[in-house]
Each structure stands twice: as structure tokens, then as C-alpha cells.
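Student: Got a predicted model here, sequence first, then my questions.
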Amino acid sequence: MTTSLRIGTRGSPLALWQANYIADRLRAVVSPRRVELVLIETHGDRDQASALSAMGGFGVFTKAIQNALLDGRADVAVHSLKDLPTIPETQLELVAVPARGPTGDAFVSTRHHTFAELPKGAVVGTSSLRRRAQVANRRPDLKLLDLRGNVDTRLRKLDEQNLDAIILAEAGLVRLGLADRITEILDSSWMLPAVGQGAIGLECRAVDDETKHIVEALRDTDTFARVTAERAMLYALGGGCLVPIGTTSNVQDGILTVRGAVLSPDGRRRVVATHTGPVQTPLAVGQELAGMLLAEGAAELLKSEPQS
């Protein structure tokens, strides 16, 4: 085939890093065929002021890229997997997830060496309901500020808005060469990452067998099992960006272990469970973990309204 393989991506610095990383790997697969980027502006990119919860949460960074796949402007969509809704788009397929990057949440501060050292009433910025709820659960004495924008913008606001700290995804800082800004990686025993955090999802049209075959070469088996289980848990819980849900996972000796947490938006209530199973059955592991969480009381928390 002589036509270019077109990759749909957002235009933010982090999205471009991810898209170029994928493009370089795909060039090795399809050479001498060209691989090119198609930049797409999403709803989340256009509206940098509103809280994500006020924007509906689902697909604000991914729907426009999916539309580009559906109308033929792109052949492969590159997503930060944590942004991709678990409700499937019937004409599209999540084909591959390369080896996962760092999954942690990074505490960034120019004033304090650790999260534990934050004084009472310290102001912490983050755009994530999941992070806000877990911080509030851990330290209800802190003041939380909604913080939107790309990574560089949020780092700038740390200084301009006189904040004590901000919390960002570790993967984004590492990928942008900003790991030196990380003060501390928060303990995942209480700050559970988002579903799919640190992973890049590659989506194709379900009927495009040729492109799917190409993209499958980038699939990391263990990572794909982990994120499949995490997303199955989230889907079974009926949650998304509007509910504080966190997860960790790992694969060892053929066994997949997934831990999930559901919190009330104010962080006062928290339900946690862990489940294991064969790595070959990630859907079942995730669904069964969701059942455990619901049995422990998560159903009531999932009905909670997010706080503005």
C-alpha cells in the first residue's frame, strides 16, 4: 500500500510525544510506507477553564479523535488510555496497548519535600476527582484547587497561583523530560492511579483488518491484560471521570492481581478490594473485582454526586 498510515492525535505536547513514539514504532513495521500525524482538537482542548466534571467527563479528550477514525481522516487513534471511556464504540476496536509507562501520581512542590510534610490548610492543585477524593481521605485538612491545562501550564500555575503543591501523572512528566520536577511519587497504597494510567491505547476501525494487523505488532501482552481487567472493573462499576475510582495491577508468574478503590467525592468514605486470577482471563478478573467492591458498599458511593 502506498498511502500514508495516518495517526490521529491531540496537539498537546504530551499527546504529540505519545503519537510520535507510536509513529516511530509503526514506521519500523510498515517501512517504506509513510506514517504521518493528523492533529485533532478535542472538546477538552478547546475548553481549558471548565472542570472536567462540569464537561460531562466522558470522552472529552477522545471523542473527536474517534470521529476522525469513523469518517476516514485517520487510520489509528492514539489515546492516553485513562481518557478513553470504557463504553465501547461499536465500529471501533482497542487493538493494542504498548508496554506501560510509569503508573504513579507525582507530588510536585517547590516548598515541601513530601506530601506528609504539607502543613494544615496547604493548597494543592489537581484536575482529577480521583486525586481530590484520595487526598481528602488522607488529609481532610488540606485545601484542594481545581487545576486544568496541559503539563507545562499546570507547572506554571504552581508558581503563579502561589500553590503549596500540585499532583500530576508521573508518566506525563517522565515522557516530557520533566522528571526532575517530581518531588515524590505518592504511595499507591492510598493514592491509587486511574484506570489505564501510564498506558497508551491504539484504536482502529473494527473493519480495517489490514491496519489492525499492523497495530497488533505493538501490543504488550501483560500490559493489555492489566488494562483490560482495570477497564472491565470500571465498566462493571458504571464509573468514569465523574466517580473517584482508582486501581493498581500487576502480572507475576501468570497470575493477574488487580486492586480497586471507590471513594465518595468528598473522600470521607472508601471501599477497597483486591482480586487475582489467570492472566488469560482479565475480563473475568476485572468484573469479579467490581462485584467484590459493590458487595462491600461501593454501590452507595457510586450514586454520590461529585462536589464542585
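Tutor: Happy to help now that I have it. Numbers count the residues shown, from 1 in each chain.
Student: And this structure, split by domain according to the record?
Tutor: Structural domains assigned to the chain are 1-100+199-219, 105-185, 220-308, following automatic domain parsing.
Student: what are the ranges of the helices in the stretch 101-250 of the chain?
Tutor: With DSSP state H, counting those that start in this stretch as the criterion, the stretch 101-250 of the chain has helices at 129-138, 151-160, 170-175, 209-215, 221-237.
Student: re earlier: any idea which of the domains of the chain is most buried?
Tutor: Of those, the one with the most neighbours on average (mean count of other CB atoms under 10 Å) is domain 220-308, at a mean of 20. In short, each C-beta sits where N, CA and C put it, glycine included.
Student: mean confidence score for stretch 273-290?
Tutor: Taken as a whole, stretch 273-290 has a mean pLDDT of 98.
Student: Give me the distance from it to the chain's centre.
Tutor: How far stretch 273-290 lies from its chain's middle: 19 Å, per CA atoms, centre = their mean, to the nearest Å.
Student: Is the nearest residue to Asp222 once chain neighbours are set aside in a helix, a strand, or coil?
Tutor: Leaving aside its sequence neighbours, Asp222 sits nearest to Val251 (CB to CB, 6 or more residues apart in numbering; 4.4 Å). Following DSSP: H, G, I helix; E, B strand; the rest coil, Val251 is assigned to strand.
Student: how about the domains of the chain in TSV, adding distance to Met191?
Tutor: Shown next, in TSV, are the domains of the chain (distance: least, CB to CB, whole Å):
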stretch	distance to Met191
domain 1-100+199-219	14
domain 105-185	5
domain 220-308	7
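Student: if you average pLDDT over each of these, which comes out lowest?
Tutor: Of all those, domain 1-100+199-219 has the smallest average pLDDT, which comes to a mean of 88.
Student: Please, where are all the strands along the stretch 51-200 of the chain?
Tutor: Using DSSP state E, counting those that start in this stretch, the strands of the stretch 51-200 of the chain run over residues 76-80, 92-96, 105-108, 123-125, 143-145, 165-169, 184-185, 200-205.
Student: how about the helices of the stretch 101-250 of the chain, which one is nearest Val35?
Tutor: Shortest distance between Val35 and these, using CB to CB, is found for helix 209-215: 9.9 Å.
Student: Which elements pack onto the closest one?
Tutor: If you count contacts as 3 or more CB pairs under 8 Å, 6 or more residues apart in numbering; DSSP states H and E, helix 209-215 packs onto helix 13-30, strand 92-96, strand 200-205.
Student: Ala261 reaches Arg269, doesn't it?
Tutor: No - with contacts counted by CB atoms under 8 Å, Ala261 stays clear of Arg269, the gap being 10.8 Å.
Student: would TSV of the helices and strands packed on helix 209-215 with distance to Gln66 be doable?
Tutor: Formatted as TSV, the helices and strands packed on helix 209-215 follow (distance: least, CB to CB, whole Å):
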stretch	distance to Gln66
helix 13-30	14
strand 92-96	6
strand 200-205	7
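Student: I am finished for the moment; much appreciated.
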